[in-house]
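Trainee: coords below, sequence missing:
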């Protein structure tokens, strides 16, 4: 992690009144990150994303997972409540051994006072909401829940009404991003490089959020937008744009 790039981000995020921050970290510079968060008045929510319960990927991945112990350490030191868990990129399905591994991950996280939020991602073995719910039903752990990333939900073929059957307490985090209705050829590249700002694409974000609100979901919510061009812009400008577009969507719910 490059301190020249990370230092201004929490302060910039605080300026447009963000109240929380998703944090990607390898355990380095955690003390500095903690001080920055405190100075900015930010509350970290999730440490994202741990795959140390599933088989290693058979393809090159842009953000390989650190060992689970690093996530637990970083989460505890930053004051986060939740570790996001994702399955292996490029996998076709989830094995019984991996389900057992997810249960072990939940149990290990509980020893650190942390929750595990399973994120369904269409280019992994947990590719849709139904797949994620089957795993949660199988492991039946009190600290296990879901990340509902509405971009992944749309790209996996999910509809707003698919969310209506959820138990609200299962939803630990909601993430927003947008995109064109027509799916691209490469979903991984799309997710990591071409996400659009909330409200600037075709995804039914407002309709999904209305359903989540109707069923009583009360969870941290915010944008997760990967766009390479953001790296070359002032952090305060990017944060303000993310905040504005997120609020614009929320005001329609």
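Mentor: Here it is on my side, so go on. Here the structure is a predicted model, which means the values were calculated and not measured.

Trainee: low pLDDT regions in the stretch 151-253 of the chain?
Mentor: Regions of the stretch 151-253 of the chain meeting the criterion pLDDT under 70 are absent.

Trainee: which parts of it are strands?
Mentor: Ranges of strands in the stretch 151-253 of the chain, per DSSP state E, counting those that start in this stretch, are 171-176, 221-223.

Trainee: how far does the first one sit from the chain's center?
Mentor: What it means is strand 171-176. Strand 171-176 sits 7 Å away from the centroid of its parent chain (Cα atoms, centre = their mean, to the nearest Å).

Trainee: which one of the strands of the stretch 151-253 of the chain lies nearest to residue 149?
Mentor: strand 171-176 (4.1 Å; Cβ to Cβ). Bear in mind the C-beta positions are built from the backbone N, C-alpha and C, glycine included.

Trainee: each with direction, which strands does that closest one pair with?
Mentor: In the sheet, strand 171-176 lines up against strand 144-149 (parallel), strand 221-223 (parallel) (DSSP bridges).

Trainee: save these as TSV, and put in mean neighbour count too.
Mentor: Putting the strands paired with strand 171-176 into TSV (neighbours: other Cβ atoms under 10 Å) gives the following:
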stretch	mean neighbour count
strand 144-149	25
strand 221-223	21
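
Trainee: ok so, going back, can you redo the strands of the stretch 151-253 of the chain as JSON lines with distance to residue 84?
Mentor: Below are these laid out as JSON lines (distance: least, Cβ to Cβ, whole Å):
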{"stretch": "strand 171-176", "distance to residue 84": "7"}
{"stretch": "strand 221-223", "distance to residue 84": "13"}
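
Trainee: longest strand anywhere in the protein?
Mentor: Across the chain, the strand with the greatest residue count (assigned by DSSP state E) is strand 43-50.

Trainee: about what we covered before: I'd like to know which of the strands of the stretch 151-253 of the chain is closest to residue 55.
Mentor: strand 171-176 (24.2 Å).

Trainee: now do the closest one against strand 43-50, angle only.
Mentor: For strand 171-176 against strand 43-50, the angle by axes from the mean of the first three to the mean of the last three Cα atoms, to 10 degrees is 90 degrees.

Trainee: could you number the chain from 152 rather than 1 from now on?
Mentor: Sure thing, new numbering starts at 152, so read that last one as strand 322-327.

Trainee: any chance you could list what contacts strand 322-327?
Mentor: 173, 196-197, 233, 235, 266, 268, 296-302, 349, 356, 360, 363, 368, 370-375, 397, 400 (Cβ atoms under 8 Å, 6 or more residues apart in numbering).

Trainee: let's see 6 Å
Mentor: With contacts defined as Cβ atoms under 6 Å, 6 or more residues apart in numbering, strand 322-327 is touched by 197, 233, 266, 268, 296-301, 349, 368, 370-372, 374-375.

Trainee: cool, and stretch 347-367?
Mentor: Residues outside stretch 347-367 that contact it (Cβ under 6 Å, 6+ apart) are 301, 305, 311, 314-315, 319, 327, 329-332, 374, 396-397, 399-400, 403-404.

Trainee: in it, what counts as buried?
Mentor: 347-350, 352, 354-360, 362-363 (16 or more other Cβ atoms under 10 Å).

Trainee: again, but for stretch 281-293
Mentor: So stretch 281-293, judged by 16+ other Cβ under 10 Å, has buried residues 282, 283, 284, 286, 287, 290, 292.

Trainee: ditto for stretch 234-244
Mentor: Result for stretch 234-244 [16+ other Cβ under 10 Å]: buried residues 234, 235, 236, 237, 238, 239, 240, 242.

Trainee: so how far is that stretch off the chain centroid?
Mentor: With Cα atoms, centre = their mean, you get 13 Å for stretch 234-244.

Trainee: how long is that stretch end to end?
Mentor: Taking Cα to Cα, to the nearest Å, stretch 234-244 runs 22 Å from one end to the other.

Trainee: average pLDDT across it?
Mentor: For stretch 234-244, mean pLDDT rounds to 91.
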